[in-house]
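[1] Here is my input, please return the structure:
(chains A and B)
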Amino acid sequence: MTPLLEIKNLKTRFFTSEGVVKAVNNVSYSMESGEILGVVGESGCGKSVHALSIMQLVQDPPGKITNGEVWLDGKDLLTFSEKEMKKIRGSDVAMIFQDPMTSLNPVFTVGFQIVEALRLHNDMTKAEARERAGELLALVGIPGAEQRLDDYPHQFSGGMRQRAMIAMGLSCEPKLLIADEPTTALDVTIQAQIVDLVKKLQDDLGMAIMWITHDLGVIAEMADRINVMYAGAIIESGNVRNIYKKTRHPYTMGLLGSLPRLDEDPGAELLSVPGLPPDLLALPKGCAFAARCGYRTEKCLEEKPPLEEIDGREHAVACWHWEEIAGSK
Amino acid sequence: MNTEKTPLVSVRNLKKHFPITGGFLQNQVGAVKAVDGVSFDIYPGETLGLVGETGCGKTTVGRTMMRLYEPTAGEVELNGVSLTELGEKDLRKIRSKMQMIFQDPYASLNPRMTVGSIVAAPLDVHTKLSKKEKHDRIQELLDIVGLNPDFVNRYPHEFSGGQRQRIGIARALALEPELIVCDEPISSLDVSIQAQVVNLLEKLQKELGLTYLFIAHDLSMVRHISDRMAVMYLGKIMELAGRDEIYLKSMHPYTQALMSAVPIPDPDLAAKSKRIILDGDIPNPKNPPMGCNFNTRCPIAKERCFIEDPEYREIEKNHWVACHFAEETRS
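    Numbers count the residues shown, from 1 in each chain, chains lettered A, B, ... in the order given. Model (predicted):
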């Protein structure tokens, strides 16, 4: 079976007056249909830019995809023209963003915006599209959906706006839904509502979901697989259990250690990662994490570790010392 | 609340209402009850965590307590001195005993001032140190917060978010305060940097005997750093107890839902956890519901909750809850 999404050696660069920002560096992975993939990393690790690259929404200039292939459902997206991409976006792959206030147009009603998306991709009359829009809002759990279609975004609360964005994302039943930090701007009780909703929708509709986040907590309960990114590259990848239970990359270990947990002894000191992420304008020659790493050796500074499969597709890690780490646990 | 020790800070029935004006003459037509009757004590050397969701009034509590906002009603005492009655001059003097660390390290540092002059600002206002003494003190402060003392002549934009937060901490420490109000000091930082700053705050507390009011929305982080925790909702404290009591024996349905909504970074535990999903959103503080503030979302609300505002009462020793049915909801 061919995977739903396959990315090969993707490189995205931003050509700025200060130099070339290496935002995405040789990212390769695949996603099966119906799978939930979590993409985790801190700000500036390239997780959002890599998703925008899939959608070909990287602003050019200054951004440019300089290398690689993106195969979605047997189509090589990077060879597509802007016109062809417009057809793909929304219908094959849809994206929802972090801030629902800036991604909804404030001067149009929510209903108008969903109807617009529906009619762009489907042969529908206005009345049909409006009916479907009402159904979609009801599907994402907005009470009184029919009436709320005529509301403007500012009349919705933050959680409801994100629900409306999800409704819009689902409007054309995409095979892949990319959610870029969809709950970061929301409170925990609202976040729990949205996570619950997305899990339910995924069960019912069966689309693949890429959930981009900096929060290792949120995706632990929903993702099948996880990619951990650092300085524009995947440094550890695998199924959820392997990432959380058999962590092999020192950065992933640091991320997990930095999180206090409600079920743990609150007195213990947090395991923080010292130092700062590297400057993407001047990435080091060797491993990008070496400067902050406790396992660093001469080799790490000289040679970049490849993403090596240590358990087939179930677990891959980019570290020279993963065996030592495995042994020490 | 606790008879053995005398509190460093005690807050009684604190209220802050922001007026809403409207109409041609800008008459007051209503009020946003941001803080509506909050009482708590903070004991010397402890950390009191204040958690709640957006708009619950937690930041306003911190600011009103320090009289950055004029309280509408209520009492705040620091070491037995009532802050609410002080005039400008006396207030300025006592402010050196209480300092604040802000959420946004980008907005809270003046971009045109060097790190040295930012950290020196409180010293200029409150002390009469000589140039040499001031210089030494700045070097010492930067060293304490883990910044290279050679950076004194750099500007804030040359630092990362975590480093800027350290500058803010150095500034707060300059006058050797007794109380530091930390208002979401880590929410704008990346996970790995958050842990660095939290560890630093804990280290400083141990070494300098500081007392913190730690305001944040991140429950697991607040539980990690706090000795006791207060949970706020719509301008009121719903529950206040020791960090373990509030995690293991929470009585208020809101606290229980809030605790269960915190994601656990462990797939096995996450799969097992039973989540209480609350319906709806927080009501508008302009127009809070009758009776208990939480009644629009509460899974166990009964008739009484829509009529009568629950009393904030001490159900067990040092465990305060504002719920009519606290005895029944014990988990």
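
[2] average model confidence for stretch A:283-296?
    Stretch A:283-296 shows a mean pLDDT of 91.

[3] for the closest residue to B:Glu202 other than its chain neighbours, what are its contacts?
    Nearest in space to B:Glu202, with sequence neighbours left out and distances taken as CB to CB, 6 or more residues apart in numbering or on different chains, is B:Ile225 at 6.5 Å. Backbone N, C-alpha and C define where each C-beta goes, glycine included. Applying CB atoms under 8 Å, 6 or more residues apart in numbering or on different chains to B:Ile225 gives the contacts B:47, B:49, B:198, B:201-202, B:212, B:214.

[4] mind checking how far B:Ile225 is from B:Leu129?
    When distance is defined by CB to CB, to the nearest Å, B:Ile225 is 32 Å away from B:Leu129.

[5] how about low-confidence regions in the stretch 1-150 of chain B?
    Scanning the stretch 1-150 of chain B for pLDDT under 70 picks out B:1-4.

[6] Up against chain A, what does it have?
    Contact residues, the stretch 1-150 of chain B versus chain A (CB under 8 Å from any CB of the partner chain): B:53-54.

[7] swap in the stretch 201-331 of chain B?
    Contact residues, the stretch 201-331 of chain B versus chain A (CB under 8 Å from any CB): B:202, B:217, B:219-221, B:223-224, B:226, B:243-244, B:247, B:257-271, B:273, B:275, B:277-278, B:281-282.

[8] how does it look with 6 Å?
    Within the stretch 201-331 of chain B, the positions near chain A by CB under 6 Å from any CB of the partner chain are B:220-221, B:223-224, B:243, B:261-263, B:265-267, B:270, B:275, B:277-278, B:281.

[9] Need the residues that contact stretch B:83-103.
    With CB atoms under 6 Å, 6 or more residues apart in numbering or on different chains as the test, stretch B:83-103 has contacts from B:66-67, B:71, B:75-76, B:108, B:126, B:168-169, B:172, B:175, B:177-185, B:187.

[10] Out of the residues you listed, list just those in strands.
    Secondary structure from DSSP state E places B:75-76, B:179-183 of the contacts of stretch B:83-103 in strands.

[11] Which ChimeraX command selects the buried ones in the residues you listed?
    One line in ChimeraX is enough to select the buried ones among the ones in strands among the contacts of stretch B:83-103; burial here means 16 or more other CB atoms under 10 Å in any protein chain shown:
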select /B:76,179,180,181,182,183
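
[12] quick one: which of the ones in strands among the contacts of stretch B:83-103 is nearest B:Gly22?
    Checking the ones in strands among the contacts of stretch B:83-103 against B:Gly22 with CB to CB, the nearest one is B:Asp183 at 29.8 Å.

[13] what separates that closest one from B:Leu141, distance-wise?
    Taken as CB to CB, the span from B:Asp183 to B:Leu141 is 20 Å.

[14] same check, this time on B:Leu123
    Distance from B:Leu123 to B:Leu141, by CB to CB: 9 Å.

[15] Identify the contacts common to those two.
    By the contact definition CB under 6 Å, 6+ apart, B:Leu123 and B:Leu141 are jointly contacted by B:Ala174.

[16] more neighbours, the two?
    A count of neighbours by other CB atoms under 10 Å in any protein chain shown puts B:Leu141 above the other of B:Leu123 and B:Leu141, at 23 against 19.

[17] ok, that one touching B:Ala172?
    No: taking contacts as CB atoms under 6 Å, B:Leu141 lies outside contact range of B:Ala172: 9.7 Å.

[18] shouldn't B:Gln139 be in contact with B:Asn148?
    No: using CB under 6 Å, B:Gln139 is not in contact with B:Asn148, being 10.2 Å away.

[19] quick one, which of those two is more surrounded?
    Per other CB under 10 Å, whichever of B:Gln139 and B:Asn148 has more neighbours is B:Gln139, with 15 against 10.

[20] quick one: that one from chain A, how far?
    22 Å (CB to the nearest CB, to the nearest Å).

[21] what's the distance between that residue and B:His157?
    22 Å.

[22] And the helices in chain B?
    In chain B, the helices defined using DSSP state H lie at B:58-65, B:88-95, B:115-126, B:131-144, B:161-173, B:191-208, B:219-225, B:243-248, B:253-261, B:267-272, B:303-307, B:326-329.

[23] List the buried residues in the shortest one.
    By that I understand helix B:326-329. Buried-residue list, helix B:326-329, by 16+ other CB under 10 Å: B:326, B:329.

[24] now do the longest one
    By neighbour count, with 16+ other CB under 10 Å as the criterion, the buried positions of helix B:191-208 are B:191-202, B:204-205.

[25] Give the closest residue to A:Ser258 in space, chain neighbours not counted.
    In space, and not counting its chain neighbours, A:Ser258 is closest to B:Ala195: 3.7 Å by CB to CB, 6+ apart.
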